[in-house]
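K.L.:
Sharing a model prediction with you, sequence too.
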Amino acid sequence: MSARGNTGGNQIGFTTEAALLTDLTDEQLLSRALGGDEDAFTVLYRRRQGPVYRFALHMSGSSHVAEEVTQDVFVFLIQRGRDFDPTRGALGAYLFGVARNYVRRALERNYTDATLYSSADDEAHALVIEDDPADGIARRQTSTALWKAVLSLPEHYREVVVLCDLQELTYAQAAEALGCAIGTIRSRLHRAHDMLGKKLQHSAAVAPGGVSRVTARCAS
Amino acid sequence: MTCREFKHTAASLTLWELSRCGDEQILKHAEECPKCGAWLDRQQMLAASMQALQAQTASRQAGPQVERALLRVFRQEPFEATQPVAAYRSAPIAFRLSRFFEVGAYVAVAAAIVVALFLGARLLQERSMKGPAQSQSIPVPAQPVPAAAATAQVTPIEIAPPAHQQPAMSEKLQVASRSAAARQAAKPSGADVDVAQTDDPDYVALMFCDPLSCSTDAQVIRMELPVTGATADRDAGTQLADVIVGYDGVVRAMRIVNSNVN
């Protein structure tokens, strides 16, 4: 259909035709992709792979699981994308729902958060030039503590926290993705926030200066 | 604002909305109530931590090898072949039935044609057999017969056979009739007699009868006729006669065969 070359880095080169596809909606892109349009699939993948990857990453704490889940989700979309019904919700919520099932499966295979601090993360952090190294360390400690707290939550609380707080989905979108009522999402989130607050307080008490310092910085 | 109202209002807000909350009533109540204030502090601390975690992972995405692997899968996927399968899935029974009925319709039409041909052949055969058979059931009329035979009881001894048996029968007639035998046997159907053109002197045409045309069928029937009318002797016995019967069952002509049966 079109010449395709690797431009280097993380992205495979975009064709002119693919660039025109970026104006299309997810559903239109999926429809074209299922008709065999590779460019449409590429655009759709690049638009949606980040949120799916981060959802899996936040849920599992493992970049390896996140990549595997992302791949499985889009393979599922290629093979069974015709099952998607646009009248029942947006494609983004549909993909989160599929990803949630693959994450569950991966976690059942005894994946742990052993790769939470992967070497890739360390390399990425090493490259960041921070104005205040102490502030950066504190922020990292805070986010790491929170991530640990999120990972320690029961699964049905964890997924609403990841979707609503980290992916910034609305309650309605989260309800679509998880297939439950908005009230359920709200009550689960309320309960999860209480649990997280207590966990963070506990970790702040164990290592004072971390969370409280970040809080003070953010409040300012 | 009471604590209950505070909780109710706060629960309707998301974490982000709560962390950026500018609602004076909420903030005022949080300042007044230490318990609600502590809860609000925890929520804001949580929001800040979430923001930090979000910022830390915002740039994370799947590696290029995932995209390459997916494109390989995509290229191997037979999308053109998938569409008919999906259509087949949506209506498998209808699809199978339509295929079945399509073949069945051809078979039914062929069977109907064969049956129609068979019935047509049977009908034609029956019609061809019915013609001679009708002559069997037609009684010899008692109308314009000669005075000698007017009161006679007609007893046919020989009935015109079906068309396929006619040649053999015409041989019998040939034996029976002397002068007209050769002419009679030469006719292909044997039963068709052209009375109008016959000049056989042995045959006597009966009066008050419509003459037969060339195209109409007639039959020659040999029968025994009582000779009482001719001889006035009731015990005189019977005499053989060839009778030409028209298509309407009316006798047109007859001749006396020169042999006494009795």
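P.N.:
Sure thing, it's come through.

K.L.:
Next one, pLDDT for residue B:191 please.
P.N.:
Listed pLDDT for residue B:191 reads 41.

K.L.:
Can you pull the domain assignment for chain A?
P.N.:
Listed domain ranges for chain A are A:9-116, A:129-220 (source: automatic domain parsing).

K.L.:
Can you add mean neighbour count and give the ones you listed back as JSON lines?
P.N.:
Any C-beta I mention is one placed from the backbone N, CA and C, and that applies to glycine too. Putting these into JSON lines (neighbours: other C-beta atoms under 10 Å in any protein chain shown) gives the following:
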{"stretch": "domain A:9-116", "mean neighbour count": "19"}
{"stretch": "domain A:129-220", "mean neighbour count": "18"}
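
K.L.:
Can you lay out these as CSV showing distance to chain B and mean pLDDT?
P.N.:
Below are the domains of chain A laid out as CSV (distance: least, C-beta to the nearest C-beta, whole Å; pLDDT from 0 to 100):
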stretch, distance to chain B, mean pLDDT
domain A:9-116, 4, 83
domain A:129-220, 4, 76
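
K.L.:
Let me know which of those is the nearest to residue B:42.
P.N.:
Of all those, it is domain A:129-220 that lies closest to residue B:42, at 3.8 Å by C-beta to C-beta.

K.L.:
if we can go back for a sec, what's the closest of the domains of chain A to residue B:71?
P.N.:
Nearest to residue B:71, of the domains of chain A and by C-beta to C-beta, is domain A:9-116 at 6.9 Å.

K.L.:
For the nearest residue to residue A:81 once chain neighbours are set aside, grab phi and psi.
P.N.:
Nearest non-adjacent residue to residue A:81, counting by C-beta to C-beta, 6 or more residues apart in numbering or on different chains: residue A:34, 5.1 Å away. Backbone torsions of residue A:34, given as degrees, to the nearest 10, read phi -70, psi -10.

K.L.:
what does stretch A:80-92 contact?
P.N.:
Outside stretch A:80-92, the residues within contact range by C-beta atoms under 8 Å, 6 or more residues apart in numbering or on different chains are A:26-27, A:30, A:33-34, A:48, A:51, A:77, A:94, A:173, A:176-177, B:82, B:86.

K.L.:
Would you confirm that the residue nearest to residue A:81 contacts residue B:79?
P.N.:
Yes. Contact between residue A:34 and residue B:79 holds when scored by C-beta atoms under 8 Å: they sit 6.4 Å apart.

K.L.:
Domain boundaries for chain B, per the record?
P.N.:
B:3-57, B:64-137, B:140-260.

K.L.:
can you pull out the helices in chain B?
P.N.:
B:3-11, B:15-19, B:24-32, B:34-57, B:64-76, B:79-90, B:92-137, B:166-176, B:181-186, B:228-231 (DSSP state H).

K.L.:
Chain A now?
P.N.:
Under DSSP H, chain A gives helices at A:16-21, A:26-34, A:38-60, A:63-80, A:91-108, A:119-127, A:133-152, A:155-160, A:171-178, A:182-206, A:210-219.

K.L.:
thinking again about what came up before, greatest separation within the contacts of stretch A:80-92: which pair is it?
P.N.:
Within the contacts of stretch A:80-92, two members stand farthest from each other by C-beta to C-beta: A:173 and B:82, at 29.2 Å.

K.L.:
separation between the closest residue to residue A:172 other than its chain neighbours and residue B:17?
P.N.:
Distance criterion C-beta to C-beta, 6+ apart; nearest residue to residue A:172, sequence neighbours excluded, is residue A:182 at 5.9 Å. Separation of residue A:182 from residue B:17 (C-beta to C-beta, to the nearest Å): 16 Å.

K.L.:
In contact with the residue nearest to residue B:77 when sequence neighbours are not counted, which residues?
P.N.:
Sequence neighbours aside, residue A:78 is the residue nearest to residue B:77 in space, at 5.4 Å (criterion: C-beta to C-beta, 6+ apart). Residue A:78 sits next to A:33, A:41, B:70, B:73, B:74, B:77 when contact means C-beta under 8 Å, 6+ apart.

K.L.:
Am I right that residue A:29 is in contact with residue A:43?
P.N.:
Yes. Using C-beta under 8 Å, residue A:29 is in contact with residue A:43, at 5.7 Å.

K.L.:
Overlap of the contact sets of the two?
P.N.:
residue A:21.

K.L.:
got the buried residues for stretch B:26-42?
P.N.:
Residues of stretch B:26-42 classed as buried: B:26, B:29, B:30, B:33, B:36, B:39, B:40, B:42 (neighbour count, 16 or more other C-beta atoms under 10 Å in any protein chain shown).

K.L.:
Alpha carbons of that stretch, as PDB, please.
P.N.:
Below are the C-alpha coordinates for stretch B:26-42, written out as PDB (Å, rounded to 0.1, in the frame of the first residue of the first chain):
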ATOM      1  CA  ILE B  26     -15.900  22.600  52.200                       C
ATOM      2  CA  LEU B  27     -12.700  24.400  53.100                       C
ATOM      3  CA  LYS B  28     -14.400  26.200  55.900                       C
ATOM      4  CA  HIS B  29     -15.800  23.000  57.300                       C
ATOM      5  CA  ALA B  30     -12.400  21.300  57.000                       C
ATOM      6  CA  GLU B  31     -10.900  24.100  59.000                       C
ATOM      7  CA  GLU B  32     -13.500  23.900  61.700                       C
ATOM      8  CA  CYS B  33     -13.800  20.100  61.900                       C
ATOM      9  CA  PRO B  34     -10.400  18.400  62.700                       C
ATOM     10  CA  LYS B  35     -11.700  15.000  61.600                       C
ATOM     11  CA  CYS B  36     -13.000  16.200  58.200                       C
ATOM     12  CA  GLY B  37      -9.900  18.400  57.900                       C
ATOM     13  CA  ALA B  38      -7.600  15.400  58.400                       C
ATOM     14  CA  TRP B  39      -9.600  13.500  55.800                       C
ATOM     15  CA  LEU B  40      -9.300  16.300  53.300                       C
ATOM     16  CA  ASP B  41      -5.500  16.500  54.000                       C
ATOM     17  CA  ARG B  42      -5.200  12.800  53.300                       C
END
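
K.L.:
Show me which residues of the stretch 51-200 of chain B sit near chain A.
P.N.:
B:51-64, B:66-71, B:73-75, B:77, B:79-80, B:82, B:86 (C-beta under 8 Å from any C-beta of the partner chain).

K.L.:
rerun that using 6 Å as the cut-off
P.N.:
B:52-54, B:56-57, B:60-62, B:64, B:66-67, B:70, B:73-74, B:77, B:79, B:86 (C-beta under 6 Å from any C-beta of the partner chain).

K.L.:
Need the buried ones from those residues selected in ChimeraX.
P.N.:
Of those, the buried ones go into a single ChimeraX selection, burial set by 16+ other C-beta under 10 Å:
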select /B:52,53,54,56,57,60,61,62,66,67,70,74,77
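
K.L.:
May I see the buried residues of stretch B:26-42 organised as JSON lines, with pLDDT and distance to chain A added?
P.N.:
Shown next, in JSON lines, are these (pLDDT from 0 to 100; distance: C-beta to the nearest C-beta, whole Å):
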{"residue": "B:26", "pLDDT": "82", "distance to chain A": "16"}
{"residue": "B:29", "pLDDT": "87", "distance to chain A": "18"}
{"residue": "B:30", "pLDDT": "84", "distance to chain A": "13"}
{"residue": "B:33", "pLDDT": "88", "distance to chain A": "17"}
{"residue": "B:36", "pLDDT": "87", "distance to chain A": "13"}
{"residue": "B:39", "pLDDT": "84", "distance to chain A": "8"}
{"residue": "B:40", "pLDDT": "84", "distance to chain A": "11"}
{"residue": "B:42", "pLDDT": "81", "distance to chain A": "4"}
